[in-house]
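>>> Kindly return the folded structure for what I paste below:
(one chain, ligands or ions: 1)
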Amino acid sequence: MQKIIFATGNEGKMREIRQILGDMPLEILSLKEAGLDPEIHEDASSFAGNALIKARTVHALPEGSQAIVLADDSGLEVDWLNGEPGIYSARYLGESVPYSIKNQSILDRLQGVTGEARSARFRCAVAAVFPDGQEAVSEGTIEGQIAGEILGDGGFGYDPIFWLPGEGLTTAQLPAEKKNAISHRGKALRGIRPVIEQWLAGRAV
Ligand code: ITT
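Numbers count the residues shown, from 1 in each chain. Below is the predicted model of the structure:
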């Protein structure tokens, strides 16, 4: 079976990736499962650029060259904060600072801001690098607002403060299948899926 290495160390992402792509005829490995721990310099200025850097770094390793390498770069953009934390979402206040503190900090910075002025979105770019060097990128977004308080314990990261007005819930309160059906990551992965299918079909000829 064709191997996919997903160039991520984020277990929350990895869980969703398996739920979304798990039915494909592929063996999906995280970096840890592939026994890899590369140093990756995410120094691009866009989600797509950083996703490509992650995927290319792993493709360049001997262990990555025969796999399809995928990578996800994602984050939360808060309009009131001029798009912060954006591509710095994982590094906001420091990489190892718990999300309870990161989330509370965003709530504090939006104190007194009401209604649609609390608008925000998650963005996700998924990059693929194939064994023959072919590359592709697919992006997805989900629009919402910053909740008034931390709510729910599903998902990961900023999910407990990402409010969907239409659902009356945060993405941390949604069942996993529902989040995957509407999320930035679900959209980006469903966009890359036909590219993978086409590559596999071309190789089989
Ligand atoms: P890898 O680079 O190893 O994949 P990472 O966590 O460092 O892991 P990113 O640089 O792409 O990944 O940072 C993503 C950030 O955006 C991180 O802070 C997440 O918590 C947040 N984020 C992305 N998607 C999210 C989602 O679906 N729900 C909640 N937070 C999300």
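
>>> Would you confirm that residue 121 contacts residue 145?
No. Between residue 121 and residue 145 there is no contact, the gap being 9.5 Å when judged by CB atoms under 8 Å. Glycine gets a C-beta too; all of them are placed from N, C-alpha and C.

>>> Residues of the chain that sit close to the ligand?
8-10, 13, 72-76, 89-90, 122, 155-159, 183, 185 (CB under 6 Å from any ligand atom).

>>> Okay, and which of those map to strands?
In strands, defined here by DSSP state E, the members of the residues of the chain next to the ligand are 72-76, 122.

>>> Now the two most distant members of those residues.
Spatially, the most separated pair among these is 72 and 76, at 14.0 Å (CB to CB).

>>> shaky segments in this structure?
204-205 (pLDDT under 70).

>>> wouldn't residue 72 be in contact with residue 8 here?
Yes. Using CB under 8 Å, residue 72 is in contact with residue 8, at 5.9 Å.

>>> Looking at these two, which is more packed in?
Neighbours were counted for residue 72 and for residue 8 using other CB atoms under 10 Å; residue 72 has more, 26 against 21.

>>> Can you tell me how far the more buried one is from residue 102?
According to CB to CB, to the nearest Å, residue 72 and residue 102 sit 19 Å apart.

>>> swap in residue 54?
From residue 54 to residue 102 the distance is 21 Å (CB to CB).

>>> Out of those two, name the residue with the larger neighbour count.
residue 54 (26 against 20).
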